[in-house]
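>>> Okay, predicted coordinates and the sequence, questions at the end:
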2 protein chains.
Amino acid sequence: MGVVLLSGGMDSCVTTALANQTHRLALLHASYGQRTEARELQAFEEIADFYGAEHRLVVRFDAFRQIGGSALTDAGIAVPENGAALTPGASIPSTYVPFRNAHFLSAAVSWAEVIGATAIFIGAVAEDSSGYPDCRESYYRAFQEVIREGTRPQTAIRIETPVIGMRKSEIVRKGTELGAPLERTWSCYQFEEEACGACDSCRLRLNAFAEAGLQDPIAYRLAVRR
Amino acid sequence: MGVVLLSGGMDSCVTTALANQTHRLALLHASYGQRTEARELQAFEEIADFYGAEHRLVVRFDAFRQIGGSALTDAGIAVPENGAALTPGASIPSTYVPFRNAHFLSAAVSWAEVIGATAIFIGAVAEDSSGYPDCRESYYRAFQEVIREGTRPQTAIRIETPVIGMRKSEIVRKGTELGAPLERTWSCYQFEEEACGACDSCRLRLNAFAEAGLQDPIAYRLAVRR
């Protein structure tokens, strides 16, 4: 069995499709007070339904809203719409949620240890991304060591990052090839009915579909950007 | 500033006393559905009051109750009272909460990064303890690396484990020497009014006071064990 961290976005959906080829799925979703929390949860449930996943866990993380410091969890910090964070050499953007993925991985490890799962899949993307520090391979290597040190001796859990080295357009192509339900995914950082088309996450997604020569099946508020 | 993970137990109380010598305190408490959640929170607040700590954060962690697999978070698993886990070479006891400390450290790192704290103090004890894997030095060294990899480049946060190599009796002595409010701490795994005196945590504490030649100021149900 493999625990998959499924946010409901494109990368985690394709990661689920890949995990589904080799593992029984245990899908874990994090609700952490992010702006589009309800919409992401809906995407999670729809993707989980698509894969007929019996094992599902939705965990609430209260700390991020309490701590703030990110445009995704603090209403007082605007979500950037100018794409500046996506230029080479840009510093870490305000949408970085401090140390977020460690919380999610920790929940995945706890769950994996109890249900006897041997892998944790996470759809982190290193290069063609917003440049978050907790999306790089070296980060997952370090976390792997924490898992080895911090669990029972008989526990063996491997972190799998199958899309970490892919361009976003490759992820779109791979998902399409595997029949992943990309129409059920949600990527926008700020809206829940139509995607904004302007935040970094929308820009990365739109660029990815354009580069792949495919049509993004979801609706955007800024139709011009399609 | 230093973030201190303060459960309300003896080890974290003495760790707070030590941190207080060198850092402004930011005290973080985890409520995670453990049996004595309310009593531990009370201890946290009383110790925080004692140190006049302005910066306090109480975080709820829902995942552990949902995941279960531990006597502390799953009402269907009894808290052992026979002390068997404390014999040398014993396997990891059922009070082990799978990968728990990674959740707490993650919250501490997120908070530290946002408030600009440069240290995280945790009162883990390696040898004279229940043998949890996430209480050993090698575990904290590994987690230190995850912090380095997973935070902003300008963030520098050191994990401090000032009591990790101490015997419990040394912790009692150190706390007494520093005037730490041991009478406000709570260690029992299962009761909230009087400590049971039989669970591993009570046994370790009672042994520690006995070895230190000091009187434990809290009340026990099993008066005979004092």
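It's in.
>>> Show me the strands in chain A, by range?
Ranges of strands within chain A are A:2-5, A:25-31, A:55-60, A:119-122, A:158-160, based on DSSP state E.
>>> Show me which residues of the shortest one are buried.
Of all the residues in strand A:158-160, those buried under the rule 16 or more other CB atoms under 10 Å in any protein chain shown are A:159-160. C-beta here means a position set from N, CA and C on the backbone, and glycine is covered the same way.
>>> hang on, the earlier thing: and the strands of chain A: which comes nearest chain B?
strand A:55-60 (4.7 Å; CB to the nearest CB).
>>> just checking, what packs against the closest one?
Secondary-structure packing of strand A:55-60 (3 or more CB pairs under 8 Å, 6 or more residues apart in numbering or on different chains; DSSP states H and E): strand A:25-31, helix A:37-50, helix A:100-115, helix B:63-67.
>>> returning to what we had before: to residue B:9, which of the strands of chain A lies closest?
Evaluated over these, closeness to residue B:9 peaks at strand A:55-60, with 25.2 Å, by CB to CB.
>>> Next, the angle from that closest one to helix A:37-50.
If you take axes from the mean of the first three to the mean of the last three CA atoms, to 10 degrees, strand A:55-60 sits at 170 degrees to helix A:37-50.
>>> May I see the buried residues of strand A:55-60?
Neighbour counts over strand A:55-60 (16+ other CB under 10 Å) mark A:55, A:57, A:59 as buried.
>>> Let me know the angle separating it from strand A:25-31.
Computed by the same axes, to 10 degrees, the angle separating strand A:55-60 from strand A:25-31 equals 10 degrees.
>>> Give me the sheet partners of strand A:55-60 and which way each runs.
Counting by DSSP bridges, the strands paired with strand A:55-60 are strand A:25-31 (parallel).
>>> And the strand it pairs with, how far out from the chain middle?
Counting by CA atoms, centre = their mean, to the nearest Å, strand A:25-31 is centred 11 Å from the centre of its parent chain.
>>> Same question for stretch A:105-117.
That offset, for stretch A:105-117, works out to 18 Å (CA atoms, centre = their mean).
>>> what about chain A, any weak spots by pLDDT?
Low-confidence segments of chain A (pLDDT under 70): A:223-226.
>>> try 90
The model of chain A has pLDDT under 90 over residues A:84-90, A:127-131, A:222-226.
>>> for the closest residue to residue A:78 other than its chain neighbours, what are its contacts?
Spatial nearest neighbour of residue A:78, excluding adjacent residues (CB to CB, 6 or more residues apart in numbering or on different chains): residue A:71 at 6.3 Å. With contacts defined as CB atoms under 8 Å, 6 or more residues apart in numbering or on different chains, residue A:71 is in contact with A:77-80, A:93-95, A:189.
>>> same check, this time on residue A:216
With CB under 8 Å, 6+ apart, residue A:216 has these contacts: A:182, A:205-206, A:209, A:226.
>>> repeat for residue A:35
By CB under 8 Å, 6+ apart, residue A:35 lies in contact with A:72-73, A:75, A:79, A:189-190.
>>> Just want the phi and psi numbers for the nearest residue to residue A:18 once chain neighbours are set aside.
Distances taken as CB to CB, 6+ apart place residue A:162 nearest to residue A:18, at 4.7 Å, with adjacent residues excluded. Torsion angles at residue A:162 (phi, psi; degrees, to the nearest 10) stand at phi -70, psi -20.
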